[in-house]
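1. Build me a model:
(chains A and B)
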Amino acid sequence: MSTPPTQPSERDDPLAPHSEAERLWLAHSAEQLRAQRDALDVSANWSRIAQRLHTSEATGSPQQTPQPHRTTATGLTALGAWLSSWRQGLAGFAVGAAAAAVVIAFTLSPALHGPAQTGTTLQPLGQAQPASVETVQLQIVFRDQARIAEVRATLQAASASVHDGPSRLGVWQVEVPKARASAALEQLAKSAVVEHIARQP
Amino acid sequence: MDDCSLLAACAQGDTQALERLHARHARAAFAFALRLCGRAQDADDAVAEAFVTVWQQAARYDRRSSVRTWLLGIVRHKALDLLRRREQAPAAADEDEAPAVETADPGADPFVQLARQQQVEQLQACLNALPLPQREALYLALVEGLTLREIAAIQQVPDNTVATRIHHAKRKLRDCLMTASGLKNPGARCDSAT
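-> Next up, the predicted model:
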């Protein structure tokens, strides 16, 4: 009767082969199992994920919990199994596109926004600063491949708002509360979508 | 960029970083999910849902384990959710094992014969026949090369339990493959199937 290890430590390896033949068998088995990885269509799988992220962005919350892919109700399990993933993905995309249209309509509607700041050519992407808060201006250049949702999330996270820009060279003027200027500068400098940032001279 | 940096970028809203993480780890995640779910479509679903969760929880990654280990834990959670929805409860690990089966030809090294003869379909069938906790632990150790501690963190059990699971799983897998490959007399006394 084989006895299982009683007090295995990190160094005890229950997979440790007792012979070279066993080592070869384990390696062969591992290789056969790894070959199954190729059965995944990576592009198709990513497309499904990207659709879910797009739907979350369109509703204004990148961190929003996505809709469940399948129903959890026992009585609807068969229905859920019948619905193929592409049908659900298509339905999700349609909902996302409709939500995006609503968000864009609200964003562009001047009736829903306060008076534009003097010299501002774009709707603020970040957090608008109250008039009483003293601010510091920063110059920031975003990476070419940065998306609007990423820029918005980055600015909001740093309590920053767009004051002006972009210039012909792609420089934005953003404002942050003076009390957290250093922290915001450091935070924005670490962002993957920021190429360059500095205090406005 | 290493995995930690990509995950940090995800936390900042960089979807390209998530795509790069996906390109690196999706196949491994799929193969692991397939071991748990048994169906390619379910495994595909589990991987997609897991990466959406990675996106949502990137900021919560605490570097206590590697990114892959953290990801496999999420994949496990999603795969088990799918199994529950299919009303297939994971089989409990049988920690009290019956005596080992004797081989038909005790003189021959069974591993030499197995390495030559075992087919991937037989391997999959025998792996799927293992209780889920044992199957999972063996797979993570054998294919992903995770340590006992890492597997214990994913399965949320003590290190000792993982070691026991792997020990029994390896032995059962060997015996099952030997029977499937015709290297053992199937009439010999067998371990329980669960």
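2. need the helices for the chain, in chain order.
-> No chain in the question, so chain A it is. Taking DSSP state H, the helices of chain A run over residues A:20-34, A:42-58, A:77-82, A:85-108, A:148-157, A:181-190.
3. Chain B is the one I meant
-> Going by DSSP H, chain B shows helices at B:3-11, B:15-37, B:40-57, B:67-85, B:110-117, B:120-129, B:132-142, B:148-155, B:159-180.
4. Highest average neighbour count across those: which stretch is it?
-> helix B:132-142 (a mean of 24; mean count of other Cβ atoms under 10 Å in any protein chain shown). For the C-beta atoms, the positions are set from N, CA and C on the backbone; glycine is no exception.
5. between it and helix B:15-37, how big is the angle?
-> Angle of helix B:132-142 versus helix B:15-37, following axes from the mean of the first three to the mean of the last three Cα atoms, to 10 degrees, is 130 degrees.
6. low pLDDT regions in the chain?
-> I went with chain A, as the question did not name one. Under the criterion pLDDT under 70, the flagged ranges of chain A are A:1-12, A:56-132, A:168, A:201.
7. that's the wrong chain, I meant chain B
-> Chain B contains residues with pLDDT under 70 at B:87-108, B:184-194.
8. what do you get if the cut-off is 80, keeping everything else the same?
-> The model of chain B has pLDDT under 80 over residues B:86-118, B:181-194.
9. Let me see the contact set for the nearest residue to B:C126 once chain neighbours are set aside.
-> Nearest non-adjacent residue to B:C126, counting by Cβ to Cβ, 6 or more residues apart in numbering or on different chains: B:C176, 3.6 Å away. With contact set as Cβ atoms under 8 Å, 6 or more residues apart in numbering or on different chains, B:C176 has these partners: B:A125, B:C126, B:A129.
10. Tell me the one of the residues you listed nearest B:Q118?
-> Closest approach between these and B:Q118, by Cβ to Cβ: B:C126, at 8.7 Å.
11. in terms of contact, does that closest one touch B:L173 like I think?
-> Yes - under the criterion of Cβ atoms under 8 Å, B:C126 makes contact with B:L173 at 5.5 Å.
12. Pull the number of nearby residues for the residue nearest to B:G13 when sequence neighbours are not counted.
-> Of all residues not flanking B:G13 in the chain, A:A153 sits nearest, at 3.9 Å (Cβ to Cβ, 6+ apart). For A:A153, the neighbour count with other Cβ atoms under 10 Å in any protein chain shown is 23.
13. just checking, A:A153 touches B:Q12?
-> Yes - the criterion here is Cβ under 8 Å, and A:A153 meets it with B:Q12 at 7.2 Å.
14. Test my guess that B:A58 contacts B:G13.
-> No - counting by Cβ under 8 Å, B:A58 sits too far from B:G13 to count as a contact (9.3 Å).
15. mind listing what A:D38 touches?
-> By Cβ under 8 Å, 6+ apart, the contact set of A:D38 is B:R27.
16. if I look at it, how far off is B:A40?
-> 12 Å (Cβ to Cβ, to the nearest Å).
17. before we move on, what about B:A23?
-> Counting by Cβ to Cβ, the gap from B:A23 to B:A40 is 19 Å.
18. picking that back up, ok, B:A58 and B:G13, which is more surrounded?
-> B:G13 (27 against 22).
19. Am I right that A:A146 is in contact with B:Q12?
-> No - assessed by Cβ under 8 Å, A:A146 is found out of contact with B:Q12, at 10.5 Å.
20. Mind listing the shared neighbours of the two?
-> Shared contacts of A:A146 and B:Q12 (Cβ under 8 Å, 6+ apart): A:V193.
21. so what's B:V54 up against?
-> Neighbouring residues of B:V54 by Cβ under 8 Å, 6+ apart: B:L7, B:C10, B:L18, B:L21, B:L71, B:I74.
22. residues contacting the spatially closest residue to the second one that is not a sequence neighbour?
-> Think B:C10. Distances taken as Cβ to Cβ, 6+ apart place B:A58 nearest to B:C10, at 3.9 Å, with adjacent residues excluded. Going by Cβ under 8 Å, 6+ apart, B:A58 touches B:L7, B:A8, B:C10, B:A11, B:L18.
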